[in-house]
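Visitor: Got a sequence here, can you model it:
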Amino acid sequence: MRMLRIALALPCVAVALAAQSPAQQAPATGVNPAYLDRAQAPCKDLYAFSNGAFDATPIPAAYASYGVNEEINERNEAILKQILEDALSAKDAPAGSVSARLRDFYASGMDTAEIEASGLKPIEPILHEIQALKSRKDLAPLLARLQAQGINAGPAFGVGQDDKNSKAIVAKLYQGGLGLPEREFYFRKDGKTREQRQAYVQHVARMFELAGDPADKAQKAAQRLLVFETKLAKVSRKLVDLRDPQANYHKMERRTLDKMAPGFGWPLYFRTLGLPDGEKRLVVGQPEFLQGFARLTGTAPLEDVKTYLRWHLLNATAEYLGKDLESADFDFYGKTLRGRKEMFPRWKRVLFAVDRGIGEDLGQAFVKRAFSPEAKAKVLEMVRFHREALKLSLQRAPWMSDATKTQALHKLETMNAKVGYPDQWRDYSQAGIKRQPYVLNALAANAFEFRRRLAKLGKPVDRTEWEMTPQTNNAYYTPVLNEIVLPAGILQPPFFSETADDASNYGALASTIGHELLHGFDDEGSQYNADGNLKNWWTVADRKAYDALTAKVAAQYDAFEVQPGLHIDGRQTLGENLADIGGLKISFEAWKLATAGKPQSPKDGLSPEQRFFVAFAQGWRTNTRPEALRLQVQSDVHSPVRWRVNGPAAALPEVSQVFGCPSHADATPIW
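Guide: Below is the predicted model:
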C-alpha cells in the first residue's frame, strides 16, 4: 500500500489561510514553489529542499500528523459530509435504499442525546453473555459469536483466496487479539515503552470503571489483562517475521486442530462461525499462536478469560458509546500513543464509521462529484506508460536471466489495474442498518461483512471486488489477484489533476502508480507468480542475486536514525522501501515516455526533470508529532515520510544527475 493511514499534511500557505479549512480552499495543482526551501541542498536532503518551507506549519490539535494527505482527505470528507447531510434530509427515502441506509446510520451516530441516555444498554446482552461463561467448553462458541460481530479477540478468522491456489477461496486463521499496537510493545524494556504499558493498564482500568466496576476491582482486572495478553504476545510472531508469505502458510485439515492445539473446542467454534462442514481444510498462518491460545485459555483462571473478552468488547465498541468511554479510548490510543490533542469533530467521527460500515453506498455518490470519466481515462493512460517503462526495465535488468525475465514480463503483462471505482456496487440491503442505537448499526455492519465474506466459500473468485472504497485516499496491490487498485480518493490534487503538467502528475503519483506496480516484484510480491499463486518462478541464481541486492536496501534503511537511538528497521520496511525506490525510477521513465517529442519548459526555476522529483517529494510533505513518529517506526511496515523521499533519492543515480550532484547512491537500484 502507498501509505499508512495516519494523519498527514497541509500546505505551508495554510498559515496564511488559517481561517479556512483545506476543504474550503481551492485545491493546489502541480508543484507548489511556496513549499521550497532553496537554501537546502537537494543532493543532501531532497525532502527539505522540496518541503522545508512547510516545516513551520503547525499540526492541528486533532491530528497526529498533518500534510498533503490530510489536505486531500479534508476535501474528500467535505464531499462525503454533504452526501450524508443530503441523506438526512431525505425523509421519504424508500426503506432499504442507499439514501435510507446512509440517513439511518449517520443519524444514529449524530444522536448524542440518545447515545448518552442508552449508555451500555445496547451491548448489555453481549456483556451478560460473557459474564455468564461458566465452562471452558462454552468459550469456543462465545468467541465465534463475538468475532462474527467484529470483536477481535483471540485468533483472527477470515476468508480469502488460497495463496497457493488463487482460484480457490479458503478459511484462514492468524494470530491476533492484542490491545497494544504490536507484539514488541509487550516486551521492549526502554523507558518509553514501559510508560506506554503502564498507561495501557491504567486505560483498561479506567474503561472497566466506566463500565461499572469498582476502582480496586478494575485495577486488578487491568493488571491481569496485561499478564494474559503478554502471554498471547509471547506466542505471536514479530512484525518482520509476518512478512514471509511462505513461513506464514500452513494448509491443514481443520479436524487436526484439536490435536495440534487441544483444549479449545475447534469443531464447535467453526460450527458457530457458520463454516460449512464441506470446508475440510483451512490455512493457518502461525500454528504456534493457536497452540498458545488454546493452552492459555485452557489453563488461565476463567475469570481472566472473561476479563479478556470483556475488554475487547469495550475496546471495539467504545467509539460508538457515550462520551466518557469514547474520550477514554481517545486518551490512550489518540493522545498517549499518537500525541493527538483533541478528537475530530463529531460529524467526522461518525462519517468514518459509516465509511467503514457501508462505504460503497457513500462511494456511489462520491465518484459522481469527484472523479470524471476524463480523469479515469487520463490515469489509465498513465498506467499504460508505467507498464511500458517497467517492461523496458525488466528487459534490461543485468542480473536477471532470460528465463526469469520471461516469467517477470508475463506477470507484468497479466497484471490488472482498477482505477477510480468498482464496476459493480456492493449491495448492503441485508446489512440491517436502521434507526437503532449507533453501536448496533456498527455491529450490524460488521456482522454483514463477516457473512458476506463467509458466503464466498465454494464460489469462484470475484475479480471485480474492491478491498477499499472509492473515496479512500490510498492504493494497494493484491498478490493473489496480481492487480493494482487506485481509488478515486487518492487521484485528487495535488497527487493528480487533469490540468496539471505531466511532470507534476507523474512525479506525485510515483508513490501510487509506480509504487503499487513494483509491489508485484518486491521481496514478498515477487514470490507470487502471474496467476497469483505463492510459487517460485525464479532460477536459483536469480533469486540469490535479487536477495543480495535487497539486502543492500535493508542495510541502507537500517542506517536511518529517525529519533535519537530510534532507527528504521530495514527488514521490517523492506517491501515498501523497494516499491518506493523502484516506483520512483519507473515513474520517471514513464514520464519520459509519455512526454517524448513534446516540448518541456522550465518553471519556477526548476527544469522539467527537477519538477518531476520535487512533485514526488512534495507528495510526502508532512509534519508529524514525535509520539506518532515513534509509533510508526515501531509498528508499521512503511518508513516515515522524510525517508520515503530521501531513501529513494539516495538510491537512484537519476536524482543525482538531474540536480547535478556527485554520485551518492547508498543502495543499488534493482529495476
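Visitor: buried sites along stretch 572-585?
Guide: 572-585 (16 or more other C-beta atoms under 10 Å). All C-beta spots, glycine's among them, are computed from the backbone N, C-alpha and C.
Visitor: average model confidence for that stretch?
Guide: Mean pLDDT, stretch 572-585: 97.
Visitor: just stretch 652-668 next, same as before
Guide: Stretch 652-668 comes out at a mean pLDDT of 80.
Visitor: Lowest mean pLDDT among the helices and strands of the protein, which one is it?
Guide: helix 653-659 (a mean of 94; mean pLDDT, DSSP states H and E).
Visitor: outside of stretch 404-423, which residues touch it?
Guide: 360, 363, 367, 371, 375-376, 379-380, 383, 387, 390-391, 394-395, 397, 400, 463-466, 470, 481-488, 491, 517, 520-521, 529-531, 537-539, 542 (C-beta atoms under 8 Å, 6 or more residues apart in numbering).
Visitor: Low-confidence ranges, this protein, go.
Guide: 1-29, 663-669 (pLDDT under 70).
Visitor: Break it down into its domains, please.
Guide: 127-320, 374-422+461-659 (automatic domain parsing).
Visitor: So for residue 347, which of those domains sits nearest?
Guide: domain 127-320 (13.9 Å; C-beta to C-beta).
Visitor: hmm, back to that, closest one to residue 280 out of the buried residues of stretch 572-585, please.
Guide: residue 575 (32.7 Å).
Visitor: Quickly find the element holding the closest one.
Guide: For residue 575, the host element (DSSP states H and E) is helix 574-594.
Visitor: Next secondary structure element downstream of that helix?
Guide: Immediately after helix 574-594, counting by DSSP H and E, sits helix 608-618.
Visitor: counting contacts, what elements does the helix holding residue 575 pack onto?
Guide: helix 373-396, helix 502-508, helix 513-519, helix 540-558, helix 608-618, helix 641-651 (3 or more C-beta pairs under 8 Å, 6 or more residues apart in numbering; DSSP states H and E).
Visitor: And the fourth one, what's buried?
Guide: The neighbour-count criterion (16+ other C-beta under 10 Å) identifies 542, 545-546, 549-550, 553-554, 556-557 as the buried residues of helix 540-558.
Visitor: right, and the helices and strands packed on helix 574-594 - which one's nearest residue 181?
Guide: Nearest to residue 181, of the helices and strands packed on helix 574-594 and by C-beta to C-beta, is helix 641-651 at 18.9 Å.
Visitor: what sits up against the closest one?
Guide: Contacts of helix 641-651 (C-beta under 8 Å, 6+ apart): 8, 42, 45-47, 50, 67, 511, 553, 556-557, 560, 562, 568, 576-577, 580-581, 584-585, 613, 616-617, 620-622, 624, 638-639, 655, 664-669.
Visitor: cool, stretch 444-453 as well?
Guide: Contacts of stretch 444-453 (C-beta under 8 Å, 6+ apart): 105, 147-150, 158-160, 274, 356-358, 428, 430-433, 436.
Visitor: before we move on, what about stretch 370-377?
Guide: Stretch 370-377 has contacts (C-beta under 8 Å, 6+ apart) with 76, 79, 419-421, 470-471, 488-489, 491-492, 496, 498.
Visitor: can you pull the alpha-carbon coordinates of it into CSV?
Guide: Output of stretch 370-377 as CSV, limited to C-alpha atoms (Å, rounded to 0.1, in the frame of the first residue of the first chain):
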residue,chain,number,x,y,z
ALA,A,370,-15.2,14.0,-7.5
PHE,A,371,-13.9,11.8,-10.4
SER,A,372,-14.8,12.4,-14.0
PRO,A,373,-14.6,9.8,-16.9
GLU,A,374,-11.9,12.1,-18.4
ALA,A,375,-9.8,11.8,-15.2
LYS,A,376,-10.2,8.0,-15.3
ALA,A,377,-9.1,7.9,-18.9
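Visitor: any idea how far it is from the chain center?
Guide: The chain centroid and the centroid of stretch 370-377 are separated by 25 Å, computed with C-alpha atoms, centre = their mean, to the nearest Å.
Visitor: List the buried residues for that stretch?
Guide: 370-371, 375-376.
Visitor: One more: stretch 529-537?
Guide: For stretch 529-537, a neighbour-count test (16+ other C-beta under 10 Å) marks 529-534, 537 as buried.
Visitor: One more: stretch 260-278?
Guide: So for stretch 260-278, counting by 16+ other C-beta under 10 Å, buried means 260-261, 263-266, 268-270, 272-273, 275.
Visitor: okay, these in a markdown table with secondary structure next?
Guide: Below are those laid out as a markdown table (DSSP: H, G, I helix; E, B strand; the rest coil):
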| residue | secondary structure |
| --- | --- |
| 260 | helix |
| 261 | coil |
| 263 | coil |
| 264 | coil |
| 265 | coil |
| 266 | helix |
| 268 | helix |
| 269 | helix |
| 270 | helix |
| 272 | helix |
| 273 | helix |
| 275 | coil |
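Visitor: what's the closest of these to residue 193?
Guide: Of those, the one sitting nearest to residue 193 (C-beta to C-beta) turns out to be residue 261, at 29.6 Å.
Visitor: where do the strands sit along the stretch 51-200 of the chain?
Guide: For the stretch 51-200 of the chain, strands defined by DSSP state E, counting those that start in this stretch occupy the ranges 65-67, 156-162, 165-174.
Visitor: which strands and helices sit next to the first one?
Guide: Put plainly, it is strand 65-67. Checked by 3+ C-beta pairs under 8 Å, 6+ apart, strand 65-67 has strand 622-624 packed alongside it.
Visitor: The second one now?
Guide: Secondary-structure packing of strand 156-162 (3+ C-beta pairs under 8 Å, 6+ apart): strand 165-174, helix 438-454.
Visitor: export the ones you listed to a markdown table and tack on mean neighbour count and distance to residue 505?
Guide: Below are the helices and strands packed on strand 156-162 laid out as a markdown table (neighbours: other C-beta atoms under 10 Å; distance: least, C-beta to C-beta, whole Å):
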| stretch | mean neighbour count | distance to residue 505 |
| --- | --- | --- |
| strand 165-174 | 19 | 33 |
| helix 438-454 | 20 | 35 |
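Visitor: Include distance to residue 325 when you put the ones you listed into a markdown table, please.
Guide: As requested, these are exported to a markdown table (distance: least, C-beta to C-beta, whole Å):
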| stretch | distance to residue 325 |
| --- | --- |
| strand 165-174 | 28 |
| helix 438-454 | 10 |
